[in-house]
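>>> have a look at this fold, sequence not included:
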């Protein structure tokens, strides 16, 4: 029991002794609607939605970059883009998709769902949560702006030294890369701490760790990975920044540096990063498959522990990215073995998902199709991953298209299909209307076919000897046919994505035309707590914080089991869901200052690149943001709230008396 | 028992999987990793193909499994109110499918490590040690002919782009880089090994039969990475000895008038980066990365860049020097192994050579103009040459046999 079993300390309010509105501090914003309510919000649901929307916009940017790459490679000796631009495109494609699409899209789900799934009113530090979003977003815009300011990064997302030194990469692109990763990293790091504290401290009464939904578990493991991985990459890009901007010699071979230092730093971050990208999607399908199979997740402890095992083992495999780099046979042997055995917990997950479906009553909604797509497609990426762990063979595979095929089966076939599954699944919860299922199925099948057309042939291309990161190839290489197939596949994926966008528009219009019918709290016959509250989720989440008695608590409020172990309905859904009409629930107040701080950071970064004097206004903006944050009145005095009122939570099982896991006082974040 | 079954599976599965992987490529592919023509390449091939078969079986198991589950357990109309048995798991079953993959992987691990160490040790009977140097964006090969551990003695030879080796003998490689990280890779002969500045990596390769084996730099190394190719030409021991003897000779001074004018142009325009033994310094030492040219310590008997006298005050590229052209026409290919030097009838491909000199950027992305922070440009610049000069230069270069 990780529940707090004592009264919170009766600390004096932060307001005592501070002027109501100190100099330079804006009042708490009060707007409840319009764009102002979005930019000042500290509501985890609005922040989650903004993460998702921004990540999707970046997805379109990264996708356009990919389409240009595929256009260039559709024929040998392609002339669509120059080598210089091509190198920028593949670098930003990777940086965008990793840092600005998959990570924040997973953050969108984590932000939106974690508090709902554990029965909380918000995250532990709501203002920090807003800060995470804005810092990440401005960092992403900062990196993307490099295209218009003298050239995007061109050293690859892996940025191997010394090719990223000023001598070999003279444009400002890699400066944007290094500083951009520092900025977005601040956002992710803050967010990881916030979500860890939330999960560990704000769970509803009875919600023990081993009653948490699998998605919450996987998101928690992901946050721990972020917490330990981001400092490593931050150190690495700091060194790079000092080399590039201040003439340091961390990677200067002439001064005795060993370039392998960068590779170790990068991959000690880079490999856990892979699990940061994939584990949230594993969590999502672990929610979707049980709901549409009408069965509980098969082997919940195995699912949780295999996720934790992947999280741990993910730290011991980084050098498998370096089998050809000359690290010595003993290191290669050790990392070969560790890499092989990380396949075991991953295989467990695949088989447990299949066992969950086995004997179920499967309903093929779009969300379910995407989830099953992940099971099938991720397996291919996992298997090619095993073939890389065979280190002698990896010296033939590494840096070829075989690797490109592998990690796209993991990140597209795994992470992205899982995220799409989650979008269809939780869309009604977030927006109050369903996405059209017919269009959704078109979206799924066209995306699945396009995906396999694009990345399937890359296995063959790689084994046929096509290198990665090459702007073109020769007609005599024999790469033309499969490259053309891959380019057709890329266009097919683009069509699938357009269908998805049209689906959102179409579904919204039909919903509006039908006078916005209520989709209900629980459109899918769900299992976890978020389906207990109305759709879209009310600002205060729960009218009453539920008391949890079991894993899949919400399901067990609806269903019991007969003597054969079959589920039988014991209560109508309407009887166990909440109305969302509670009044006077105390919620954290919105704030301008997360946004202020976030605006200042890229200004400092632009200053470092172009003119150090620009750093001064940037630093002043950040300082103002911190100052305002600290002295901001902890609450809007105009909003009435009952101090220390007993937070209501349902008396379902008499677990009462526990302090509700909700921030009573204004959150310190 | 398991092993015989595995073997049977391999015997059945191997041709099938090969056919699958090789689909759409009936003709010989120059960079194919699945078609080894040397000992090291074969070790890898024999290791990975059974792994592909095992992976193929697991792939079929999971994907057919997903389809089977989808068909068999789909919810029908009449099932709307039927709920399946609520199974929460089965520890024995789950332990089984945790341990089974671990056992399969352990078997693969044994063979992996055996092959790894077999490939790591350079065979003791290696015929020759070649120092492989990568630089933006071409490769040079320095032969330690007298086996004294140095690569710049008068009897040692150096050749760019194309490494010539005798067949049937392992060749020891010492791989390094003069600027950024590159990776040396001849797919048909062995896996790749990175060329890292400041480090020397041991590697080896061996060819079964005479042949021409293409390679490609496989570590992203900047602007022209895609164009950084190389090749290994395997010849009989006899031909190799003859080739080596030829390489040790300096270039002959041409007799033809055009070629003589071309030599003059060469010394004025090209010799600051390119060497020709007998014309500018023999066996010269290029500047190390980051080392600046110092006129006080310049030793014409040892150092490169005679071109200093023609007004290039920092006449080095950041990548070291440029390809040695002494025996240009003895090679089959030039421009990093991308273009044929000879026409099918054996005559020099003069049009391509002229076009290359006229504007190198038509063939290969280059960055010859120094920009921010750069002292030197990288790659071959477009030189201010008249058509006549180009013609004469080609006439001279084609005498370099």
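Perfect, I can see it now. Quick caveat: nothing in here was measured; it's all calculated off a predicted structure.

>>> can you name the residue of the stretch 151-300 of chain B nearest to chain A?
For the stretch 151-300 of chain B and chain A, the shortest gap (C-beta to the nearest C-beta) falls at residue B:191, measuring 2.5 Å. Glycine gets a C-beta too; all of them are placed from N, C-alpha and C.

>>> can you give me phi and psi for the closest residue to that residue other than its chain neighbours?
The shortest distance from residue B:191 to any non-neighbouring residue, by C-beta to C-beta, 6 or more residues apart in numbering or on different chains, is to residue A:395 (2.5 Å). Backbone torsions for residue A:395, taken as degrees, to the nearest 10, come to phi -70, psi -20.

>>> and the residue of chain B most remote from its centre, backbone torsions?
Residue farthest from the centre of chain B, counting by C-alpha atoms, centre = their mean, is residue B:81 at 64.4 Å. With angles defined as degrees, to the nearest 10, residue B:81 sits at phi -110, psi 20.

>>> tell me who's in contact with residue A:87.
A:154, A:156, A:469, A:471, B:220, B:222, B:223, B:225 (C-beta atoms under 8 Å, 6 or more residues apart in numbering or on different chains).

>>> so which of the residues you listed are in helices?
When the contacts of residue A:87 are checked against helices (DSSP state H), there are no matches.

>>> let me know the closest of those to residue A:297.
residue A:156 (38.7 Å; C-beta to C-beta).

>>> contact partners for that closest one?
Contacts of residue A:156 (C-beta under 8 Å, 6+ apart): A:87, A:90, A:91, A:94, A:163, A:469, B:220.

>>> next one: residue B:353
Contacts of residue B:353 (C-beta under 8 Å, 6+ apart): B:334, B:341, B:394, B:397, B:398.

>>> for the helix or strand hosting the third one, buried residues please.
Residue B:394 is part of helix B:387-397, with elements assigned from DSSP states H and E. Of all the residues in helix B:387-397, those buried under the rule 16 or more other C-beta atoms under 10 Å in any protein chain shown are B:389, B:390, B:391, B:392, B:393, B:394, B:395, B:396, B:397.

>>> and the helices in the stretch 101-250 of chain A?
Using DSSP state H, counting those that start in this stretch, the helices assigned to the stretch 101-250 of chain A run over residues A:103-118, A:126-145, A:173-201, A:214-246.

>>> about what we covered before: what about the residue nearest to residue B:191, neighbour count?
27 (other C-beta atoms under 10 Å in any protein chain shown).

>>> again with residue B:257
10.

>>> tell me who's in contact with it.
So residue B:257 contacts nothing (C-beta under 8 Å, 6+ apart).

>>> kindly report the same for the one 3 residues further on.
When the contact criterion is C-beta under 8 Å, 6+ apart, the partners of residue B:260 are B:253, B:254, B:396.

>>> now the residues you listed as CSV including distance to chain A?
Formatted as CSV, these follow (distance: C-beta to the nearest C-beta, whole Å):
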residue, distance to chain A
B:253, 36
B:254, 33
B:396, 28
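
>>> residues in contact with the closest residue to residue A:164 other than its chain neighbours?
Nearest residue to residue A:164, sequence neighbours excluded (C-beta to C-beta, 6+ apart): residue A:155, at 3.9 Å. Residue A:155 is in contact with A:91, A:163, A:164, A:169, A:173, A:174, A:177, B:220, counting by C-beta under 8 Å, 6+ apart.

>>> the residue nearest to the spatial centre of chain A and residue A:309, how far apart?
Central residue of chain A (C-alpha atoms, centre = their mean): residue A:106, 2.1 Å from the mean position. Using C-beta to C-beta, to the nearest Å, residue A:106 is found at 20 Å from residue A:309.

>>> ditto for residue A:398
From residue A:398 over to residue A:309 (counting by C-beta to C-beta), the distance is 25 Å.

>>> next helix or strand past the longest helix along chain B?
Determined from DSSP H, the single longest helix within chain B is helix B:39-72. Using DSSP H and E, the helix or strand that directly follows helix B:39-72 along the chain is helix B:91-120.

>>> related to what we said a few turns ago, could you give the separation of the longest helix of chain B from the chain centroid?
Averaged C-alpha coordinates place helix B:39-72 at 30 Å from its chain's average position (C-alpha atoms, centre = their mean, to the nearest Å).

>>> for it, packing partners?
Counting by 3 or more C-beta pairs under 8 Å, 6 or more residues apart in numbering or on different chains; DSSP states H and E, the packing neighbours recorded for helix B:39-72 are helix A:329-357, helix A:366-389, helix A:391-397, helix B:2-21, helix B:91-120, strand B:201-205.

>>> among the ones you listed, which is nearest residue A:550?
Here helix A:329-357 is closest among these (C-beta to C-beta), at 17.4 Å.

>>> compute the inter-axis angle for that closest one and helix B:39-72.
Relative orientation of helix A:329-357 versus helix B:39-72 (axes from the mean of the first three to the mean of the last three C-alpha atoms, to 10 degrees): 10 degrees.

>>> please report phi then psi for the closest residue to residue A:214 other than its chain neighbours.
Excluding the flanking residues, the one nearest residue A:214 by C-beta to C-beta, 6+ apart is residue A:286, at 3.7 Å. Backbone torsions for residue A:286, taken as degrees, to the nearest 10, come to phi -70, psi -20.

>>> in CSV, list the buried residues of helix B:387-397 along with pLDDT and distance to residue B:115.
CSV is the format used below for those (pLDDT from 0 to 100; distance: C-beta to C-beta, whole Å):
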residue, pLDDT, distance to residue B:115
B:389, 95, 54
B:390, 96, 51
B:391, 96, 54
B:392, 95, 54
B:393, 95, 49
B:394, 96, 48
B:395, 95, 51
B:396, 95, 49
B:397, 95, 44
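
>>> for the residues you listed, which one is nearest residue B:262?
Using C-beta to C-beta, these come closest to residue B:262 at residue B:396, 2.9 Å.

>>> and the residue lying closest to the closest one once chain neighbours are set aside, what element?
Using C-beta to C-beta, 6+ apart and skipping the chain neighbours, the partner closest in space to residue B:396 is residue B:262 (2.9 Å). Here residue B:262, judged by DSSP H and E, is contained in helix B:257-265.

>>> following that helix, which helix or strand comes up?
Counting by DSSP H and E, what follows helix B:257-265 is strand B:333-334.

>>> and the next helix or strand past that following strand?
Next along the chain after strand B:333-334, taking DSSP H and E as the criterion, comes strand B:339-340.

>>> packing partners for that following strand?
helix B:350-358.

>>> list the buried ones in the helix it packs on?
B:352, B:353, B:355, B:356, B:357.

>>> just checking, the first one touches residue B:340?
Right, the one you point to is residue B:352. Yes: using C-beta atoms under 8 Å, residue B:352 is in contact with residue B:340, at 7.5 Å.

>>> re the thing from before, need the contacts of residue B:260 in JSON lines with distance to residue B:168, can you?
Below are these laid out as JSON lines (distance: C-beta to C-beta, whole Å):
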{"residue": "B:253", "distance to residue B:168": "38"}
{"residue": "B:254", "distance to residue B:168": "37"}
{"residue": "B:396", "distance to residue B:168": "37"}
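
>>> give me the low-pLDDT residue ranges for chain A?
Along chain A, segments meeting pLDDT under 70 span A:1-22, A:24, A:634-669.

>>> give me the neighbour count for residue A:31.
13.

>>> where does the stretch 251-400 of chain B dip in pLDDT?
The low-confidence ranges in the stretch 251-400 of chain B, as defined by pLDDT under 70, are B:280-321, B:370-377.

>>> quick check: the residue nearest to residue B:191 vs residue B:270, distance?
Taking C-beta to C-beta as the measure, residue A:395 falls 37 Å from residue B:270.

>>> with residue B:227 instead?
Using C-beta to C-beta, one obtains 20 Å as the distance from residue B:227 to residue B:270.

>>> residue A:65 now?
From residue A:65 to residue B:270 the distance is 39 Å (C-beta to C-beta).

>>> also residue A:457?
Residue A:457 is 43 Å from residue B:270, by C-beta to C-beta.

>>> and what of residue A:288?
66 Å.

>>> of these two, who's got more company?
residue A:288 (28 against 25).
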